[in-house]
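**Q** When you get a sec, could you give me coordinates for this:
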Amino acid sequence: MLSALDPQPGCLIIDGTIGAGGHAEGILERSAPSGQLLGLDRDPVALPLALQRLERFGARLQLRQGSFRDLSAHAAALGWQAVDGILLDLGLSSMQLADPRRGFSFQSEGRLDMRFDPGQELEAAELVNRLPEPELASLIARYGEDPRARRIARAIVAARPLRTTTELAEVVARAVRSRGSRTHPATRTFQALRIAVNEELTALEQALPQAVELLKPGGRLVVIAFHSLEDRLVKRFCREASLSTEERPARLRRITRKPVRAELEELERNPRARSARLRAAEKIGPG
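**A** Predicted structure coming up:
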């Protein structure tokens, strides 16, 4: 990430998914003594954790609760008209996954929540218990890319109401018993519900054009995706933005033609990095 983003002293960087501040810490250390960072996160629980980790950087750090789908507005609020780098580390964080009260995981029992921002109204229970069967099947197929979506949706509707993560996982597992797979049968269903609840793909589609506009010439965009839907979207956007047409010149130069994956040493320390795919691009042309 640091190699692709290449933060320098005096730079302005936006971390659109600051979480507990791990990436931000590396960026602020690398850009000392004068680099500044704006950290965003939809999850209000993350911001105090990030502040605790990063408070030694003082005024070089700004934190705001909000979505990267509003990149331009958050930058404008600080008077930042152009920035040197933008990082988007997509999906959910380990701390969200580990808290059973958030409902992201079926490893522990919790209510069917899955909201990044607990202040929003829609939660997973609403989709699980109220969507008509065809719509639920479509959601699981589209966002979970699960070929068994119809069978899963049928089983969920038959078992309603479902109130907890473990109840939902058990219903899915009974419906699609799969042998020989290391992945739990409910993994794709949980992914699909989380993406839908938080409008993750819509937010990414809205953020990427804003990122290009905000970057200075030579500024870097770095995106870390954890499933194929996100990665394909980023890949397609960067490819199209790197092509010149009669209507517009190229806006990006792709730094990574293929996604960068975690190496074995990193995977041994952090098995959750196995799905991570990093892509990076550089702004070209006028600001």
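**Q** May I have the strand or helix carrying residue 208 exported as PDB, CA atoms only?
**A** Residue 208 is part of helix 200-214 when elements are defined by DSSP states H and E. Taking C-alpha atoms only, helix 200-214 is exported to PDB below (Å, rounded to 0.1, in the frame of the first residue of the first chain):
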ATOM      1  CA  GLU A 200     -21.200  -0.900  -0.900                       C
ATOM      2  CA  LEU A 201     -21.000  -1.100  -4.700                       C
ATOM      3  CA  THR A 202     -23.100   2.000  -5.200                       C
ATOM      4  CA  ALA A 203     -20.800   3.900  -2.800                       C
ATOM      5  CA  LEU A 204     -17.800   2.700  -4.700                       C
ATOM      6  CA  GLU A 205     -19.200   3.600  -8.100                       C
ATOM      7  CA  GLN A 206     -19.900   7.100  -6.800                       C
ATOM      8  CA  ALA A 207     -16.500   7.500  -5.100                       C
ATOM      9  CA  LEU A 208     -14.200   6.600  -8.000                       C
ATOM     10  CA  PRO A 209     -15.000   9.500 -10.300                       C
ATOM     11  CA  GLN A 210     -14.800  11.900  -7.400                       C
ATOM     12  CA  ALA A 211     -11.400  10.500  -6.500                       C
ATOM     13  CA  VAL A 212     -10.100  11.200 -10.100                       C
ATOM     14  CA  GLU A 213     -11.400  14.800  -9.900                       C
ATOM     15  CA  LEU A 214      -9.800  15.400  -6.500                       C
END
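**Q** which parts of it are buried?
**A** Using 16 or more other C-beta atoms under 10 Å as the test for burial, helix 200-214 gives 200-201, 203-204, 206-208, 210-212, 214. All C-beta spots, glycine's among them, are computed from the backbone N, C-alpha and C.
**Q** same question, stretch 217-226
**A** Going by 16+ other C-beta under 10 Å, stretch 217-226 has these buried residues: 219-226.
**Q** Likewise for stretch 149-156?
**A** Applying 16+ other C-beta under 10 Å to stretch 149-156 flags 149-150, 152-153, 155-156 as buried.
**Q** For residue 255, state which of those is nearest.
**A** Closest approach between those and residue 255, by C-beta to C-beta: residue 149, at 35.9 Å.
**Q** Tell me who's in contact with that closest one.
**A** Shown in contact with residue 149 (C-beta atoms under 8 Å, 6 or more residues apart in numbering): 137-138, 140-141.
**Q** who wins for neighbours among the residues you listed?
**A** Neighbour counts for those were taken using other C-beta atoms under 10 Å; the highest belongs to residue 140, with 29 neighbours.
**Q** from the buried residues of stretch 217-226, which single one is nearest residue 11?
**A** residue 219 (8.7 Å).
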